[in-house]
Structure formats: C-alpha cells, structure tokens
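Visitor: Quick one: sequence plus predicted model below, questions after.
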Amino acid sequence: MNNTINKKYAELLTRNQWKLIEAIWLLHGIFVRTKAEFGDKMEHFFTNATVEKSNDSLEIGRLSEAFLDQMLECDLTDEIDKVRISDWQEWTGSWRESTEIKNSIKKLWHSLNSKADIKKCEVCYIDTNGKWYALAPESMWKAEYLLKFAQDEGIDITWLTNEIKKHRKVPTQYALSSGA
C-alpha cells in the first residue's frame, strides 16, 4: 500500500463521522476515495433525477425506494478510486461487475434508508431547493452507529473494528470515562 493511501485509510478509520459512500464500501472491504467529479455527478443526479426523491409519507431525510434504486445504478467508476483492503490492490472493475458486492451494498443502503435512526446523520446533503437528505452518499453519519447498524444487519465487522483499534492512537471518550 502506498503511503498516501495508508494515511487516508488511517485518517478515515480514526474519524468519528463517515460519509455514507465511504462507510458502505468500507464495510464491504473496499477503501474508496471520491474525486472532485463525484460531487458534480451527484449534484447533477439529485437535480435531474427522473423519479420522485421522497414523498410526504416518508420521514424527512429518507429517499424513496425508486430514487434510491436509481441512485445506486449510477455508474461512478470514473469518479471513485477503490482499493481492496485485503490486498491493497486497486479495484478497477465497475461495482456492477461484482454481483455479490452490488447486492450487499444495495441491501445495506436500503436497510439504512428504511430502518436507520435519522438523528445519527450529523451532516445531511442539501439539494438546490433546500431539502435535506440523510441517505445521500456524501451525508456524514456517526461511525460507531454505522458499525453497530451493519453488525445488526449481519455484516461481519470484526476485521474492521480490529483495524480501527489498530489505527486509533487516542482512546475514545467512552474508554476515557469508563477507565478502559
């Protein structure tokens, strides 16, 4: 692993907040870095989506199932650098090429959209009309909440929690208060 990727990965693991795009891929063993073009493409998508983003029956911040499906079908191959954590090799294929990862990512994103505690989203994406979305890729969530949510959804996070412990140099607030 090159030094730049190592620093960025360590920085991600030690943050208290994760962007959903980072967290969902990380939980699947892929470290992602979004390029500047990613934000432009997402802004264009949110502005020009052909399906309703949300409706009055949804809790504020959630996305409609149709909108979420359309968002997950966006080809972002050129807007995201992906590195497989197991061997630190660049993952060059489109995520559509891996049915297992695609289905797992889609399932987790839909679970978050339908069951997650919206209050755990700390920084929401806000569209040009001022409406906010907690489940947009660049929304920031509490990392510990996302780890617990993934574990509750049946995703093995043992390897990731071990990685986090390895990279954290300062005890968490909980560790300080509990004397651990």
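Guide: Thanks, I have the structure now.
Visitor: Pretty sure residue 29 sits against residue 83.
Guide: No: counting by C-beta atoms under 8 Å, residue 29 sits too far from residue 83 to count as a contact (9.9 Å). Heads up, the C-betas are built off the backbone N, CA and C, glycines and all.
Visitor: Between these two, tell me which one has more neighbours.
Guide: residue 83 (21 against 14; other C-beta atoms under 10 Å).
Visitor: so where do the helices sit in this protein?
Guide: Remark: helices assigned in the chain by DSSP state H are 3-14, 20-26, 36-48, 65-72, 99-115, 143-152, 158-167, 173-178.
Visitor: Show me what counts as buried in the fourth one.
Guide: Read that as helix 65-72. For helix 65-72, the neighbour count (16 or more other C-beta atoms under 10 Å) marks 67, 68, 70, 71, 72 as buried.
Visitor: Report pLDDT for residue 8.
Guide: pLDDT recorded at residue 8 is 91.
Visitor: Would you mind finding the most buried of the helices of the chain?
Guide: helix 20-26 (a mean of 23; mean count of other C-beta atoms under 10 Å).
Visitor: Looking at the buried residues of helix 65-72, spot the one nearest residue 149.
Guide: The nearest member of those to residue 149, counting by C-beta to C-beta, is residue 68 at 16.2 Å.
Visitor: for residue 44, what are its contacts?
Guide: Residues counted as contacts of residue 44 (C-beta atoms under 8 Å, 6 or more residues apart in numbering): none.
Visitor: I'm done for today, thanks for sticking with me.
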